[in-house]
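Engineer: coordinates for the following, if possible.
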Amino acid sequence: MIELSVSRLNKRFGGNHVLKDVSFEVNGAEMIGLIGPNGAGKTTLTNVLDGAVKPNSGTVYLNGARIDQLPSFEVAKAGLGRTFQVTRSFRRMTVLENLYVPALAQGRSHKGKEVREEALEVLDFLTMAHLRNEYARALSGGQQKLLELGRLLMLDPDVIILDEPFAGVHPRLMEVIYEYIRRVNGRGKAMIIISHQMDSIFALCKRLLVLNYGDLIADDTPENVKNDPVVIEAYLGTTEDRSGTGQRDGETRPADG
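Structural biologist: Numbering: from 1, shown residues only. Prediction:
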């Protein structure tokens, strides 16, 4: 069973204490939402989990192995992968060629036939086989998100972090994205979804983590989180605000740390 254990993570940038004793666990193929206002520390937490940033203290274990001091490529090999809020496809390459890139990064260039078969299987899974020869730059926002998910599946991670997977997606395609996320989760993948779109998070996740300026203020079911006065005050706002970005009218937030 997949086990991700995060214990007492702290991260400071100068005098800014961005993560404050953050602890949680992911057990099995859970689908967890990570929410909080801009500046809450969600991006920093993600960067620590995937090895891009080292914590000042605390530990991260994946399937019994410590990963918080590993570089990103070693974390990926250990079984944790992520997408990015701004998609990072190779726009001058075809959809199929984009899926080859993770395999090349793993040193599998000598297994060309095997890699091609895996890539075509991923495209079939995402119902994108008809787009395999299209250039990535020609894809819609939703298709770009699916392509990035496909590249991640080529690495076959145990834990997948999706950073704002609904940003830039046409509302009519939202249910399509939901369905593919559920299908990936159904393959036995644990998933952590970062999003400001509360309707999407509540539709997909049975457990939510709420960060508020470095503090993990809630780890509970969506229903309990929606009714938690601390979370409402920190992030969700009034009932009318809960289906949007999570920010109240007129408020601005600093950039996420």
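Engineer: and L120, what does it touch?
Structural biologist: Listed by C-beta atoms under 8 Å, 6 or more residues apart in numbering, the contact set of L120 reads L96, A129, R132. All C-beta atoms are positioned from the backbone trio N, CA, C, and that covers glycine.
Engineer: look up how far E148 lies from the spatially most central residue of the chain.
Structural biologist: Against the mean C-alpha coordinate of the chain, by C-alpha atoms, centre = their mean, the closest residue is L162 at 1.9 Å. According to C-beta to C-beta, to the nearest Å, L162 stands 9 Å off from E148.
Engineer: cool, and L236?
Structural biologist: Taken as C-beta to C-beta, the span from L236 to E148 is 28 Å.
Engineer: I32 now?
Structural biologist: I32 sits 19 Å away from E148 when distances are taken as C-beta to C-beta.
Engineer: hey, what's I194 bridged with?
Structural biologist: When bridges are called by DSSP bridges, I194 pairs up with L34, D163.
Engineer: my guess is it contacts G41. True?
Structural biologist: No: contact criterion C-beta atoms under 8 Å: I194 and G41 do not qualify, at 11.1 Å.
Engineer: neighbour count: those two, which is higher?
Structural biologist: G41 (28 against 25; other C-beta atoms under 10 Å).
Engineer: need the pLDDT of that one.
Structural biologist: You'll see G41 listed with a pLDDT of 96.
Engineer: dump the residue contacts of the residue nearest to the centre of the chain.
Structural biologist: R82, T83, L149, I181, M191, I192, I193, I194, S195.
Engineer: just the residues you listed: which has the poorest pLDDT?
Structural biologist: T83 (89).
Engineer: quick one, phi/psi of it?
Structural biologist: Main-chain dihedrals, T83, degrees, to the nearest 10: phi -100, psi 170.
Engineer: ok, it touching L149?
Structural biologist: Yes: applying C-beta under 8 Å as the test, T83 and L149 come out as touching, 6.4 Å apart.
Engineer: so what sits against both of the two?
Structural biologist: In contact with both T83 and L149: L162, P165, using C-beta under 8 Å, 6+ apart.
Engineer: and R8, that one's in a strand?
Structural biologist: Yes: the assignment for R8 is a strand, going by DSSP: H, G, I helix; E, B strand; the rest coil.
Engineer: looks like it contacts L19 (just checking).
Structural biologist: No: counting by C-beta under 8 Å, R8 does not reach L19; the two are 9.6 Å apart.
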